[in-house]
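Enquirer: When you get a sec, could you give me coordinates for this:
(2 chains)
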There are 2 protein chains.
Amino acid sequence: MPATGQFDTDTAVARMSSGVYSATLSDRWNVPGGTPNGGYSLGVTLRALAHAMGELGLPDPLVVSAFFLRRASNGAAEVRTEIARVGQRTATGEARLLRDGQELVRAVATFTDLGQPRGRTLELGHAPELPPPDACIDARGGRSMPGVTLVERIEIRCAQPPGWLVGRPSGDPSATFWMRFADGRDADTLSLASLVDACTPVVMELGARGSSTLELTVHVRARPAPGWLACRVGTRHVIAGYHEEDFEIWDSRGQLVAQARQLALLPPTDA
Amino acid sequence: MPATGQFDTDTAVARMSSGVYSATLSDRWNVPGGTPNGGYSLGVTLRALAHAMGELGLPDPLVVSAFFLRRASNGAAEVRTEIARVGQRTATGEARLLRDGQELVRAVATFTDLGQPRGRTLELGHAPELPPPDACIDARGGRSMPGVTLVERIEIRCAQPPGWLVGRPSGDPSATFWMRFADGRDADTLSLASLVDACTPVVMELGARGSSTLELTVHVRARPAPGWLACRVGTRHVIAGYHEEDFEIWDSRGQLVAQARQLALLPPTDA
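Expert: Now for the predicted structure:
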């Protein structure tokens, strides 16, 4: 039985007509500024596309590219989906998240069945080396951030508190930490595509006050084992305010389950 | 005056009606199997979208995501474009490449004007360390590959011949080399999105006989200076045949100009 939790409730969609779904952008996944987290908005968008893909026997997103077109807000929304190609092993479709007639997110995604892995495996990377979750500290450190409800949904544990959080940005835009849904729901392939965008931008360690995602690509590489997820995030190229953020998620077996990269822009005040 | 060459001739499109362009998939950019290179097909696709974006004063692709849906073939094609959002600094659109009514490539791209860089820059990476191009060898080593016309369009120089080419795959799926158009045309931002997919898959160093691109994301980070381009390519995670390939292009000033990642699949015979 698949685990369910707040993420499932808040990404639920209802089919209105062929390829069209109604949804609600909940205020339980908000980031600073009172806007829903991009990863969460993508989760709602993908949920609609997964309905059609599930009927094809292809339940797992394999590669997802999402363009964030406009700032989202909480409330009623709609997802319009279209299937571009159905093959034997994969199918590709597109989903557009709209609110008040304005397109917020455009996602193209290829789905497959990751329950049937076949073919060669060679892992040259390695999972982040972290103390066990119980020996780590809660990255929030007991702080509450009014309106930033995302921090109540996602639990993050790290060996040391992030520099930016204690007023001393480290100058090193990289981090490793544990992550899980705060309600104990285990991650699945659909939620991995949201979790890669669920953390504070690592450019905060450069003194930035935030970052806006333009595009996010996620490769989902395996169904995650239950338990904590080990994450590695880093930025290496900030050019004229634009920067990539790379994000890896490794599961409790030590297997890479998601690899993501986004292109994001520093706010003008950090320019 | 922008440099022009065979790439421009072979990616040219003609406007047929609002948002619809005719094109030809030339046989001058073919890879083994008699199919046009994916990067070249993407170049044709982007060329159509760039028409509309150029009219908006946003000539440079900033981030491109392309899904390769079906094997392409040479001949008459069509590109259907749509603008999703126009903002002050960027605009996002979609383009679909079709042949015989079948969709081959679906690309979503955000364009901007990279001639007006502003905002913070911090480069933590570095260009590949290579001997000067004149001290490097031609990666083809004088070999000709009948039908593989791509190798006549793209010149590649490296310090040592790739292991796979001399029958001894190195086991290390990474490489650095110089690249340029063989006709001397300098790269621009549009062609960078093609050049990141113009080389032999680096998994050949693992003994693979090829690799099929499912999705390719390109971040174009700056307008390239004239001259040779220094490239770094690598794969680290092969899981059940699926693997990423990361590709960086640095220009002759030593500046990162493109960063790309693709998800690709080994052929079944390599499984």
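Enquirer: contacts, neighbours, all on C-alpha from now
Expert: Fine.
Enquirer: Nearest the middle, which residue of chain A would you pick?
Expert: With distances taken as C-alpha atoms, centre = their mean, residue A:194 lies nearest the centre of chain A, 2.3 Å away.
Enquirer: The spatially closest residue to residue A:218 that is not a sequence neighbour: which element?
Expert: Sequence neighbours aside, residue A:260 is the residue nearest to residue A:218 in space, at 4.2 Å (criterion: C-alpha to C-alpha, 6 or more residues apart in numbering or on different chains). Counting by DSSP states H and E, the element that carries residue A:260 is strand A:256-265.
Enquirer: ok, back up a step: so in terms of bridging, what pairs with the residue nearest to residue A:218?
Expert: residue A:218, residue A:247 (DSSP bridges).
Enquirer: My guess is it contacts residue A:246. True?
Expert: Yes: using C-alpha atoms under 8 Å, residue A:260 is in contact with residue A:246, at 5.7 Å.
Enquirer: In terms of neighbours, single out the busier of the two.
Expert: Neighbour tally, residue A:260 and residue A:246, criterion other C-alpha atoms under 10 Å in any protein chain shown: the higher count belongs to residue A:260, 24 against 21.
Enquirer: Next up, the contacts around that one.
Expert: Neighbouring residues of residue A:260 by C-alpha atoms under 8 Å, 6 or more residues apart in numbering or on different chains: A:196, A:216, A:217, A:218, A:219, A:246, A:247, A:248.
Enquirer: how near is the first one to chain B?
Expert: When C-alpha to the nearest C-alpha, to the nearest Å is applied, the distance between residue A:196 and chain B equals 16 Å.
Enquirer: okay, now that residue: neighbour count?
Expert: Neighbour tally, residue A:196, other C-alpha under 10 Å: 25.
Enquirer: Which neighbouring residues are in contact with it, exactly?
Expert: Taking C-alpha under 8 Å, 6+ apart, we find residue A:196 in contact with A:39, A:218, A:247, A:248, A:249, A:258, A:260.
Enquirer: any idea how far residue A:261 lies from residue A:182?
Expert: Distance of residue A:261 to residue A:182, computed by C-alpha to C-alpha, to the nearest Å: 24 Å.
Enquirer: between those two, which one's more packed in?
Expert: Legend: neighbour count by other C-alpha under 10 Å for residue A:261 and residue A:182, higher for residue A:261 (24 against 16).
Enquirer: That one contacts residue A:245, correct?
Expert: Yes: with contacts counted by C-alpha under 8 Å, residue A:261 reaches residue A:245, the gap being 5.5 Å.
Enquirer: Now that residue A:107 has come up, it's in contact with residue A:95, right?
Expert: Yes: assessed by C-alpha under 8 Å, residue A:107 is found in contact with residue A:95 at 5.3 Å.
Enquirer: Compare these two and say which is more crowded by neighbours.
Expert: Neighbour tally, residue A:107 and residue A:95, criterion other C-alpha under 10 Å: the higher count belongs to residue A:95, 26 against 23.
Enquirer: Using the three-state scheme, assign that one.
Expert: Classification of residue A:95 using DSSP: H, G, I helix; E, B strand; the rest coil returns strand.
Enquirer: Beyond the strand or helix carrying residue A:48, next helix or strand please.
Expert: Taking DSSP H and E as the criterion, residue A:48 maps to helix A:38-55. Next helix or strand after helix A:38-55 toward the C-terminus (DSSP H and E): strand A:60-68.
Enquirer: quick one: contacts for residue A:159?
Expert: A:130, A:131, A:135, A:136, A:137, A:177.
Enquirer: try 10 Å
Expert: Contacts for residue A:159 (C-alpha atoms under 10 Å, 6 or more residues apart in numbering or on different chains) come out as A:130, A:131, A:132, A:133, A:135, A:136, A:137, A:138, A:139, A:176, A:177, A:178.
Enquirer: would JSON lines of the residues you listed with secondary structure be doable?
Expert: Listed next are the contacts of residue A:159 as JSON lines, based on three-state DSSP:
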{"residue": "A:130", "secondary structure": "coil"}
{"residue": "A:131", "secondary structure": "coil"}
{"residue": "A:132", "secondary structure": "coil"}
{"residue": "A:133", "secondary structure": "helix"}
{"residue": "A:135", "secondary structure": "helix"}
{"residue": "A:136", "secondary structure": "coil"}
{"residue": "A:137", "secondary structure": "strand"}
{"residue": "A:138", "secondary structure": "strand"}
{"residue": "A:139", "secondary structure": "coil"}
{"residue": "A:176", "secondary structure": "strand"}
{"residue": "A:177", "secondary structure": "strand"}
{"residue": "A:178", "secondary structure": "strand"}
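Enquirer: Buried subset of those, written for ChimeraX?
Expert: Those of the contacts of residue A:159 that count as buried under 16 or more other C-alpha atoms under 10 Å in any protein chain shown are selected in ChimeraX with:
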select /A:130,133,136,137,138,139,176,177,178
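Enquirer: Specify which member of the contacts of residue A:159 is nearest to residue B:112.
Expert: Each of the contacts of residue A:159 was scored against residue B:112 by C-alpha to C-alpha, and residue A:176 proved nearest at 32.7 Å.
Enquirer: quick one: the closest one and residue A:133 touch, right?
Expert: No: look at residue A:176 against residue A:133 with C-alpha atoms under 10 Å: they stay out of range, at 11.9 Å.
Enquirer: who touches both of these two?
Expert: Jointly contacting residue A:176 and residue A:133 under the rule C-alpha under 10 Å, 6+ apart are A:157, A:158, A:159, A:230.
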